[in-house]
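>>> need the 3D shape of this:
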Amino acid sequence: MAEHLSHKHAKNAIRLMYQEQGFQVSDAVLGNHVQAELGVDIGEAPFAALYAFVDEYIALLRYQSIYFLSADHKASPSAMTFYRLSIRQLRTLTSIRVLCSYGLDANARLQLRLLYETAQLWVRFRIDQQILSDYTACTTPDSANKFWHKYLSKEKTERYLKNQMQEGGLIWIGEMDEQIKDLKQKLSLVAHPTFLADYHETLSDWNGQLDNFVIMDPLKSSYFTLSKAIFITVMPFSIFPDPPYNFVSISLRQQDAGWNPIPHPTESWEDYNQQLRNMFPTLFLIAIRFFEGFDKDKSD
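This is a model prediction of the structure:
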C-alpha cells in the first residue's frame, strides 16, 4: 500500500508544481496519457512514484519537441536536429519505462547508455557549433562511426563539457560527479556479457515467477534505472544560465496544428516554451525527495 500511495503523492506533487509555475492543468497530470497509452498499470509496483516522473518526462519531451517543429527551418536549420534528438530521447525513455514495467531491468539499463550519450550530445550542441555542424554531416555509417570516435569515445565530450562549463561560468546537473560515477560503474556491469552481468539477469529471474517464460513484475532493482533515467533526461534542460536556441519560430498556440498546448498566461511563444523547458529541472527537484525516500529500500 505504501508504494501505491507514493505513486499518488508523486502525481499530486507534479500537478501542484505545474500550477505553481503558472500552467493550468486539470486533476490529471500529462503523464497519465503515457500510462494509458502503454497500458501497464504500475500503481502497486516497487518505486511506483518514479514511474510517475518518468511518464511526465516522456510527455514533456513530446510537448517541448513542438517548439523545434515550429521553427523556420530555412532560417534555423539546426532546429530539426534538436527535434530529432527530442524524439530519440522520447523513444529511448519510453523503452526504458516499458522494459522496467515488465521486469526487464538489465535490458532497460542498456537503453540507459544510449539515453546518456544522446543527452551529452544535446548539451554540447548548445555551446559548440562545430560539433553541431559535424553531426548534421553524418549521413553514412562510416561518417557516423568516425563522429562517435571523434566526439564521444573515451569520455571526450564529458571532458569538453566540464572544461567549457567552468570557463564559461555555467553550471549544470552533469557536474554531479558522484551521480555520474555511479551511473557509469553500474552500467558497465550489464553492458558487456561478463559473468557479473549474467548474475544480474539470473537474480532478477530467480526473484521473479519461475512459471513465467519472459515477462515478470517490475523489480526493485529498477530503482537505479528509473532514477538515473530521470537524472539523464533533465541534463539538456539544466544549463544555467540557459544558452538561447536563437530560432526564428512561429507561434502555434493560436493555430489549429493538431496539438493542444498546456494553458499558460504568458503571451510570448518563446517565453512559453522556455517555461515549458524549465519544468524539467523544476520537477527534478521534487523527484529528488522521492529518491531519498526510497534509498533505504533500494536494490542495485
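>>> how many neighbours does Lys186 have?
Lys186: 17 surrounding residues under other C-beta atoms under 10 Å. For glycine as for every other residue, the C-beta is placed from the backbone atoms N, C-alpha and C.
>>> that one and Phe224 touch, don't they?
Yes: here Lys186 reaches Phe224: they are 6.1 Å apart, a contact under C-beta atoms under 8 Å.
>>> would you confirm that Phe284 contacts Ala229?
No: between Phe284 and Ala229 there is no contact under C-beta under 8 Å: 11.6 Å.
>>> got a list of what Ile96 touches?
Contact analysis of Ile96 by C-beta atoms under 8 Å, 6 or more residues apart in numbering lists Val54, Ala108, Gln111, Leu112, Leu115, Thr225, Leu226, Ala229.
>>> not counting sequence-adjacent ones, nearest residue to Phe237?
Leaving out its chain neighbours, the residue that sits closest to Phe237 by C-beta to C-beta, 6 or more residues apart in numbering is Phe280, at 3.6 Å.
>>> in the stretch 1-150 of the chain, what spans have low per-residue confidence?
The stretch 1-150 of the chain contains residues with pLDDT under 70 at 1-5.
>>> now do 90
Within the stretch 1-150 of the chain, the segments meeting pLDDT under 90 span 1-8, 25-28, 35-36, 39-47, 103-107, 129.
>>> got the contact list for Gln164?
Ile127, Asp128, Leu170.
>>> neighbours of the first one, just the number please.
The number of residues packed near Ile127 is 16, by other C-beta under 10 Å.
>>> please apply the same query to Gly168.
12.
>>> what about it, distance to Ser133?
Using C-beta to C-beta, to the nearest Å, Gly168 is found at 20 Å from Ser133.
>>> among the contacts of Ile96, which one lies nearest to Phe291?
Leu226 (9.4 Å; C-beta to C-beta).
>>> Three-state assignment for the residue lying closest to that closest one once chain neighbours are set aside, please.
Leaving out its chain neighbours, the residue that sits closest to Leu226 by C-beta to C-beta, 6+ apart is Leu50, at 4.0 Å. Look at Leu50: counting by DSSP: H, G, I helix; E, B strand; the rest coil, its state is helix.
>>> list the contacts for Leu50?
Residues near Leu50 by C-beta under 8 Å, 6+ apart: Ala10, Ser222, Tyr223, Leu226, Ser227, Ile230, Ala287, Phe290, Phe291, Phe294.
>>> are any of these buried, and if so which?
Among the contacts of Leu50, those classed as buried by 16 or more other C-beta atoms under 10 Å are Ala10, Ser222, Tyr223, Leu226, Ser227, Ile230, Ala287, Phe290, Phe291, Phe294.
>>> coming back round to it: mind putting the contacts of Gln164 into TSV with distance to Pro243 and secondary structure?
Listed next are these as TSV, based on distance: C-beta to C-beta, whole Å; DSSP: H, G, I helix; E, B strand; the rest coil:
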residue	distance to Pro243	secondary structure
Ile127	6	helix
Asp128	10	coil
Leu170	8	coil
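>>> if we can go back for a sec, list just the nearest of the contacts of Ile96 to Glu267.
Val54 (31.8 Å).
>>> that closest one against Leu99, yeah?
No: in this structure, Val54 is not within contact of Leu99 by C-beta under 8 Å, at 11.4 Å.
>>> which of the two has more neighbours?
Applying other C-beta under 10 Å to Val54 and Leu99 shows that Val54 carries more neighbours, namely 26 against 21.
>>> element containing that one?
helix 48-69 (DSSP states H and E).
>>> how far does that helix sit from its chain's centre?
Per C-alpha atoms, centre = their mean, to the nearest Å, the displacement of helix 48-69 from the mean C-alpha position of its chain is 8 Å.
>>> which residues are in contact with Arg253?
By C-beta under 8 Å, 6+ apart, the contact list for Arg253 reads Pro261, Trp269, Tyr272.
>>> 10 Å - rerun?
Going by C-beta atoms under 10 Å, 6 or more residues apart in numbering, Arg253 touches Ser70, Trp259, Asn260, Pro261, Pro263, His264, Thr266, Glu267, Ser268, Trp269, Tyr272, Asn273.
>>> how near is the third one to Thr157?
In this case it means Asn260. Distance, Asn260 to Thr157, by C-beta to C-beta: 36 Å.
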